[in-house]
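Visitor: Show me the folded form of this:
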Amino acid sequence: MPTEDAAGAARAAVAVIGSYAKALVMTADRIPAPGETLIGRDYRGTFGGKGSDMAVQAARLGAGVSYLGVVGDDTHGAEFRALLADEGVDPVGLRVAPGESTGVGFIVKDTAGRNVIVVDPGANDSFSPADVDAAAGALTAADVALAQLEIPLPTALHALTVARAAGVTTILNPAPAVDLRGTDLTSVDVLTPNEHEAKVALGLGPDDARPPAELGRRLLALGPRAVVVTLGEAGALVVTADGDTRVAPVRVDVVDSNGAGDSFNAALAVALGEGRDLADAARFAGTVAALCCEHWETVPSYQDRATVEAFLARAETTTTTTTEASR
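Guide: Coordinates of the predicted model:
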């Protein structure tokens with residue numbers, strides 16, 4: 001059950017089982033061809049990795065967050081440990097692996113918004129079920145356990161199995177997409193693919209025309225209790241054995257949607273941990289993810305709880321005023 005903060009509000013406990021990768025970003029006039037050398041500009045190093053993103057977003061929404069993962073004993077790993085400290089995330093399950101490199105992603109963006117990305121998972125690949133067992137207390141003490149697939153699939157599923165056996169709600173964001181046919185997902189309460197990831201998980205081609213509701217129902221057959229298919233600018237769809245619930249999109253001026261999926265998953269975990277039902281939690285998550293799209297990058301774009309609540313209050317006032325005016 002969620003605890004309470006000093007003001008008496010519910011405070012969820014979220015365990016993030018995930019990845020970290022240092023993102024090394026450069027802008028060029030165009031994407032280089034094979035063998036070509038270009039002059040770039042605006043080089044910057046930023047925080048990356050789905051686990052890192054989700055831990056930061058959940059913490060900024062007021063959750064008590066614990067983190068399980070692996071980084072190398074290098075400069076990038078040290079920067080990540082400093083980030084967790086700055087954001088108030090408990091690194092109880094973070095192993096520092098001597099002799100291994102922290103995950104790194106090389107990203108080249110062009111002026112048209114396209115990019116090419118190459119990622120070396122580094123120490124993320126050595127994240128094992130034994131690491132999970134060493135920090136099992138953090139999982140079993142949480143309200144929600146949240147995993148992604150930038151770490152080995154067996155490790156993610158083992159963590160969710162340990163958590164669910166203790167009565168913890170479990171979420172698996174199946175990204176990057178992998179074929180999940182033949183995989184037992186009964187340890188997953190909520191599976192959260194986008195449409196592309198849902199098709200890959202089911203072994204379907206990118207041009208497959210099945211609607212999101214059918215994709216969700218087919219994914220339910222793999223074992224999760226619910227599927228939330230995120231639909232970008234179209235909102236989301238909650239699919240359970242009892243039926244489908246459409247979650248309307250939140251309209252904002254989009255600057256950069258990078259990291260919005262991670263923001264959605266983190267907010268979903270926080271809302272479920274605070275006791276909301278799944279459809280209401282998905283609406284909250286949609287709002288949080290939309291707000292991050294108003295800003296560049298990932299970690300710098302994630303909004304805190306006060307900003308989200310202020311936006312929701314303005315939206316409620318606008319809706320009430322419009323309703324009164326229409327009578």
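Visitor: Surely T245 is within a strand?
Guide: Yes - when classified by DSSP: H, G, I helix; E, B strand; the rest coil, T245 is found to be part of a strand.
Visitor: Could you report the neighbour count for it?
Guide: When neighbours are defined as other Cβ atoms under 10 Å, T245 has 18 of them. Every residue, glycine included, has its C-beta placed from N, CA and C.
Visitor: what is it paired to in the beta sheet?
Guide: Partner residues in beta bridges with T245: V238, with DSSP bridges as the criterion.
Visitor: Report how many residues lie close to the residue lying closest to E297 once chain neighbours are set aside.
Guide: What sits nearest to E297 in space, not counting adjacent residues and going by Cβ to Cβ, 6 or more residues apart in numbering, is T46, at 5.7 Å. Other residues lying near T46 total 15 when counted by other Cβ under 10 Å.
Visitor: And for the one 5 residues further on?
Guide: Using other Cβ under 10 Å, the number of residues around G51 comes to 28.
Visitor: Then D29?
Guide: Neighbour count for D29, taken as other Cβ under 10 Å: 12.
Visitor: so how far is P32 from the residue nearest to it when sequence neighbours are not counted?
Guide: Sequence neighbours aside, T111 is the residue nearest to D29 in space, at 5.9 Å (criterion: Cβ to Cβ, 6+ apart). When Cβ to Cβ, to the nearest Å is the yardstick, T111 and P32 sit 13 Å from each other.
Visitor: what about those two, which has more around it?
Guide: Using other Cβ under 10 Å, the more surrounded residue of T111 and P32 is P32, with 14 against 9.
Visitor: Test my guess that the more buried one contacts L38.
Guide: Yes - using Cβ atoms under 8 Å as the test, P32 is close enough to L38 to be in contact (4.7 Å).
Visitor: quick one, what contacts F47?
Guide: With contacts defined as Cβ atoms under 8 Å, 6 or more residues apart in numbering, F47 is in contact with Y20, K22, A23, D53, V56, E79, F80, L83, T298, V299.
Visitor: Please give the element, helix or strand, for the closest residue to P193 other than its chain neighbours.
Guide: For P193, ignoring the flanking residues on the chain, the nearest one in space by Cβ to Cβ, 6+ apart is P174 at 5.1 Å. P174 is located outside every helix and strand, with elements delineated by DSSP states H and E.
Visitor: doesn't A147 make contact with P174?
Guide: No - in this structure P174 lies outside contact range of A147 using Cβ under 8 Å: 9.5 Å.
Visitor: Name the residue in those two with the higher neighbour count.
Guide: With other Cβ under 10 Å as the criterion, P174 and A147 differ in neighbour count, and A147 comes out ahead with 32 against 26.
Visitor: And that one, how close does it get to D304?
Guide: Here A147 is placed at a distance of 24 Å from D304 (Cβ to Cβ).
Visitor: Ok, A289 next?
Guide: 14 Å.
Visitor: re the thing from before, pick out the lowest-pLDDT one from the contacts of F47.
Guide: The pLDDT minimum for the contacts of F47 sits at T298, where the score is 86.
Visitor: Please look at that residue and D262 and confirm they touch.
Guide: Yes - taking Cβ under 8 Å as the definition, T298 is a contact partner of D262 at 6.8 Å.
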